[in-house]
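Novice: Fold the following and give me the result.
(one chain, ligands or ions: 2)
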Amino acid sequence: MEAVDLNTTSTIISQARREGRKALLETEAKAVCMEYAIPVTTFKLAKSEEEAAEFAGQIGFPVVLKIVSPDIIHKSDVGGVMVNLKSAVEVRNAYGKILENAKKYNPAAKIVGVLVQEMAPQSTEVIVGAIKDPQFGQTLMFGLGGIFVELLKDVTFRVAPITQEDAHEMVIKVKAYPLLKGYRNTPPADIDAIINVLLNTSKLVMDYPEIKELDLNPIMAYEKGAKTVDARIILE
Ligand code: ADP
Ligand code: MG
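Specialist: Ligands and ions are numbered 1, 2, ... in the order given. Okay, here's the model as predicted:
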């Protein structure tokens with residue numbers, strides 16, 4: 001884990017501003033999440049193949065490698081995400097491949113490094129989002145991952161700040177809710193853990209009105225707990 005000091009979020013936001021960046025890097029967005037007690041996958045930023053292999057050993061296999069670049073927002077679209085790497089050799093190969101893919105996509109892309117993170121076990125995927133509506137202000141969104149949000153638009157919205165009651169309603173009012181309660185071979189998800197992510201996200205966007213968009217996508221919802229696998233934060 002990168003060192004996280006007090007007031008991480010304001011430091012991170014001012015640094016992004018100084019560098020003229022609107023989108024926080026995944027490392028930065030996840031550090032912000034950590035300050036707000038939103039659970040994220042363990043991660044370390046590697047600057048070399050050797051470092052990536054070393055960090056993978058520390059984190060424990062399997063791991064995921066991802067490109068970290070202010071010029072690459074949708075990482076998997078450019079071959080910037082490699083999952084389920086099971087050995088140091090696989091990590092070294094993936095490191096090279098990810099840099100190669102990034103260069104192919106944009107030879108001028110500034111590369112900060114390659115993120116090594118724990119591979120979160122597959123589970124029901126949920127999405128927590130926030131957008132700053134011009135009329136209503138900070139607004140939270142909840143839905144289930146994949147086709148539920150993208151195809152079926154099965155989402156709930158509430159204007160922030162939200163109460164525990166609101167967060168609970170956001171979860172139970174999506175049509176796919178029965179999936180979260182457990183269905184056939186899908187175990188029930190920890191609804192309280194999801195509610196906590198919603199409440200903490202509400203607090204975050206209320207504290208920082210300069211956040212224009214936030215996207216925790218996906219969050220793996222487990223029988224006990226939840227884990228954010230990807231986090232995006234866009235500033236005004
Ligand atoms: P992007 O959205 O920028 O393309 P993501 O970080 O969301 O990149 O990675 C793409 C997909 O890879 C995720 O939706 C998820 O399915 C998988 N993934 C990414 N990181 C992890 C992780 N740490 N553990 C498990 N799966 C992951
Ligand atoms: Mg993503």
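
Novice: all helices of the protein, in order?
Specialist: Per DSSP state H, the chain has helices spanning 8-18, 26-35, 49-59, 88-105, 147-150, 164-172, 177-180, 191-207. These are given in chain order.

Novice: Could you give me the buried positions within the helix or strand bottoming out on mean pLDDT in the chain?
Specialist: Every helix and strand of the chain was ranked by mean pLDDT, DSSP states H and E. The lowest is helix 147-150, at a mean of 82. The neighbour-count criterion (16 or more other CB atoms under 10 Å) identifies Phe148, Val149 as the buried residues of helix 147-150. All C-beta atoms are positioned from the backbone trio N, CA, C, and that covers glycine.

Novice: close to ligand 1, is it?
Specialist: No - between helix 147-150 and ligand 1, judged by CB under 6 Å from any ligand atom, nothing touches; the nearest distance is 11.7 Å.

Novice: how about the CA coordinates for that helix, as PDB?
Specialist: In PDB, the C-alpha atoms belonging to helix 147-150 read as follows (Å, rounded to 0.1, in the frame of the first residue of the first chain):
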ATOM      1  CA  ILE A 147     -25.700  -5.800 -18.300                       C
ATOM      2  CA  PHE A 148     -27.800  -4.500 -15.400                       C
ATOM      3  CA  VAL A 149     -26.400  -1.000 -15.500                       C
ATOM      4  CA  GLU A 150     -25.200  -0.900 -19.100                       C
END
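
Novice: That helix and ligand 2 in contact?
Specialist: No - no part of helix 147-150 sits close enough to ligand 2 to count as contact by CB under 5 Å from the ion; the gap is at least 11.8 Å.

Novice: What is that helix packed up against?
Specialist: Under the contact criterion of 3 or more CB pairs under 8 Å, 6 or more residues apart in numbering; DSSP states H and E, the helices and strands touching helix 147-150 comprise an empty set.

Novice: who's in contact with that helix?
Specialist: When contacts are taken as CB atoms under 8 Å, 6 or more residues apart in numbering, the neighbours of helix 147-150 outside the stretch itself are Ile127, Gly143, Asp154, Val155, Val174, Lys175, Ala176.
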